[in-house]
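build me a model:
(2 chains)
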Number of protein chains: 2
Amino acid sequence: MKKLPGKTVERLSEYRRVLLTLISQGKNYIYSHELASLLHITAVQVRRDLMLIGYSSGIRKGYDIRVLVETIGRVIDSETPLNVAIIGMGNLGRAVSSYFRGKRSKLNLVASFDNDQQKTGKVISGVRCYDVREMENMIKELNISIIILTVPPDYARSTCDDAVRFGVKGVLNFTTVSLNVPPTVYLEEYDMVTSIEKVAYFVKESIR
Amino acid sequence: MKKLPGKTVERLSEYRRVLLTLISQGKNYIYSHELASLLHITAVQVRRDLMLIGYSSGIRKGYDIRVLVETIGRVIDSETPLNVAIIGMGNLGRAVSSYFRGKRSKLNLVASFDNDQQKTGKVISGVRCYDVREMENMIKELNISIIILTVPPDYARSTCDDAVRFGVKGVLNFTTVSLNVPPTVYLEEYDMVTSIEKVAYFVKESIR
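Numbers count the residues shown, from 1 in each chain, chains lettered A, B, ... in the order given. Below is the predicted model of the structure:
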């Protein structure tokens, strides 16, 4: 299959999250317009995305949720699990760890790193915390291909550069600093201030 | 000015974040292609966005960074500051608080809420924590128009419904649960698992 656009991958991931919740609530089938409404998008968008991943939609009682979850997994998940590490175990790193750990079978959170001797050598929020100075060894030993960056801004650039040099292939940057990586590495950046400002803009527009 | 699309507001917010960093580094002017490259987008996109907010681009030494920051602020910020509260002061709530507090002059973080008696009545990560049972009073008394939701999933729906009933106009949802709000309220949802899965997808595609 051709490589999918980033936005499509995001939506597929969101479909799966909603579908997994529905399964846990005992639901077996869903129509495209129901799924669309749960995610505040159009049914046309849902059908287009699912057609793209080869899921047919001609069934009267709607999509079979379990089959759809499996189909999405076959497309977006890696066949062999990928290993993930969190770098920076402050509040945000610990939140990400508690939040993410065990959520997806094809992504293993195998390590975290910090420079605080109070944290290193311990299991924090369910994951072992190593000294950042061990990063090179551990990235290689544990075959870590993805890092989640939750360090203070001043450490963001150098930590990312180090991790890339040690072989990671994907970076999720939660710091306030925009980063650069070589073209062979995938970088995703998220700044929560942007989301807050977006909400504020629409609130301002609605009350003016 | 006509209401801007959400994606444009996001980019304007990101431009400002990068520009503020550049000011702190002593830079005064920037070309559209430099700004574009810092945000991994095209110069055409940058110029189109800035044209949309009435910022002209015909200057030889590039955009005046301070003027551009002011122009963006006039468009996306509220004239009178908006008051924001965080609901749920676990790791994520505390991270958001430390991260966001004082970052933007037109957004005041005025309160946080939790149901844990160990937290209520104290100042946590720089913001006073109130008992969730005081939410109705405090939202009205402090004129809180935006909430950031960082409660455990089981509390997400009821807490959001309560806050909306008490008068908030914008919700930033960081929980794993998709929410619904009336059309008069703006809802923005962010699930970090989606970002992690997106990175994983592109890593998988690059190493296969």
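
identify the residues contacting A:Gly62.
A:29-32, A:34 (C-beta atoms under 8 Å, 6 or more residues apart in numbering or on different chains). C-beta: built from backbone N, CA, C; applies to glycine.

ok, so of those, who is nearest B:Lys7?
Set against B:Lys7, the nearest of these by C-beta to C-beta is A:Ser32 (23.6 Å).

so what does that closest one have for phi and psi?
Per-residue torsions, A:Ser32: phi -60, psi -40 (degrees, to the nearest 10).

that one contacts A:Tyr63, doesn't it?
Yes: A:Ser32 lies in contact with A:Tyr63 (C-beta atoms under 8 Å); the separation is 7.2 Å.

quick one: which of these two has more around it?
A:Tyr63 (25 against 19; other C-beta atoms under 10 Å in any protein chain shown).

wait, that one sits on A:Met51?
No: contact between A:Tyr63 and A:Met51 fails when scored by C-beta under 8 Å: they sit 11.9 Å apart.

can you give me the buried ones in stretch A:22-29?
Using 16 or more other C-beta atoms under 10 Å in any protein chain shown as the test for burial, stretch A:22-29 gives A:22, A:29.

which residues does it contact?
Against stretch A:22-29 from outside (C-beta under 8 Å, 6+ apart): A:30, A:59, A:61-66, A:69.

of the residues you listed - the most surrounded one?
Neighbour max across the contacts of stretch A:22-29 (other C-beta under 10 Å) = A:Tyr63, 25 neighbours.

give me the nearest residue to that one, chain neighbours excluded.
Residue nearest to A:Tyr63 in three dimensions, not counting chain neighbours: A:Ile30, with 5.5 Å by C-beta to C-beta, 6 or more residues apart in numbering or on different chains.

what's near enough to touch the one you found?
Contacts of A:Ile30 by C-beta under 8 Å, 6+ apart are A:19, A:22, A:62-63, A:65, A:68.

looking at those, which is nearest B:Ile41?
Using C-beta to C-beta, these come closest to B:Ile41 at A:Leu19, 31.5 Å.

part of a strand, is the closest one?
No: assigned with DSSP: H, G, I helix; E, B strand; the rest coil, A:Leu19 falls outside any strand and is helix.

on that earlier part again, and which of the contacts of stretch A:22-29 is nearest B:Glu141?
Looking across the contacts of stretch A:22-29 and measuring by C-beta to C-beta, the closest to B:Glu141 is A:Ile30, at 42.6 Å.

separation between the closest one and chain B?
According to C-beta to the nearest C-beta, to the nearest Å, A:Ile30 and chain B sit 13 Å apart.

could I get the pLDDT score of that residue?
According to the prediction, A:Ile30 has pLDDT 93.

ranges for the strands of chain A?
Counting by DSSP state E, residue ranges of the strands within chain A are A:29-30, A:63-64, A:82-87, A:107-114, A:123-124, A:127-131, A:144-149, A:170-173, A:186-189.

which other helices and strands contact the second one?
It stands for strand A:63-64. Counting contacts by 3 or more C-beta pairs under 8 Å, 6 or more residues apart in numbering or on different chains; DSSP states H and E, strand A:63-64 packs against strand A:29-30.

ok, stretch A:74-86 near chain B or not?
Yes: Stretch A:74-86 is in contact with chain B by C-beta under 8 Å from any C-beta of the partner chain, via A:76-78, A:82, A:84.

for the residue positioned nearest the centre of chain A, give its distance to chain B.
Closest to where the C-alpha atoms of chain A average out (C-alpha atoms, centre = their mean) is A:Leu172, at 7.8 Å. Note on A:Leu172: its distance to chain B, by C-beta to the nearest C-beta, is 5 Å.

ok, now A:Arg133?
24 Å.

residues near that residue, how many?
Neighbour number of A:Arg133 under other C-beta under 10 Å is 10.

number of nearby residues for the closest residue to it other than its chain neighbours?
Leaving aside its sequence neighbours, A:Arg133 sits nearest to A:Asn115 (C-beta to C-beta, 6+ apart; 7.9 Å). By other C-beta under 10 Å, the residues close to A:Asn115 number 15.

check contacts around A:Asn115.
Listed by C-beta under 8 Å, 6+ apart, the contact partners of A:Asn115 are A:131-133.

can you check the pLDDT for it?
Looking at A:Asn115, its pLDDT reads 97.

so it versus chain B, what's the distance?
According to C-beta to the nearest C-beta, A:Asn115 and chain B sit 18 Å apart.

quick check: that residue vs B:Ile196, distance?
Using C-beta to C-beta, to the nearest Å, A:Asn115 is found at 23 Å from B:Ile196.

how close does the residue nearest to A:Tyr63 get to B:Met89?
Distance from A:Ile30 to B:Met89, counting by C-beta to C-beta: 35 Å.

what of A:Glu70?
From A:Glu70 to B:Met89 the distance is 38 Å (C-beta to C-beta).

for A:Gly73, same thing?
Applying C-beta to C-beta, the value for A:Gly73 to B:Met89 is 35 Å.

quick one: which of those two has more around it?
The neighbour comparison of A:Gly73 against B:Met89 (other C-beta under 10 Å) goes to B:Met89, with 24 against 14.

give me the phi and psi angles of that one.
Per degrees, to the nearest 10, the backbone of B:Met89 is at phi -110, psi 50.

check contacts around it.
B:Met89 neighbours (C-beta under 8 Å, 6+ apart): B:97, B:112-114, B:116, B:119, B:124-125, B:129, B:150.

swap in A:Glu14?
Neighbouring residues of A:Glu14 by C-beta under 8 Å, 6+ apart: A:39, B:191, B:194.

is it possible to mark the buried ones in those residues?
Looks like those have A:39, B:191, B:194 buried, using 16+ other C-beta under 10 Å.

I'd say A:Lys122 and A:Cys129 touch.
Yes: taking C-beta under 8 Å as the definition, A:Lys122 is a contact partner of A:Cys129 at 5.6 Å.

quick one, which of the two is more surrounded?
A:Cys129 (23 against 12).

in the sheet, who's paired with the more buried one?
A:Ser112 (DSSP bridges).

quick one: pLDDT of A:Gly54?
86.

which residue comes closest to it once chain neighbours are left out?
A:Thr71 (7.3 Å).

which residues touch that neighbour?
Counted by C-beta under 8 Å, 6+ apart, A:Thr71 has contacts A:50, A:53-55.

among these, which one has the most neighbours?
With neighbours defined as other C-beta under 10 Å, the most crowded of those is A:Leu50; it has 21 neighbours.
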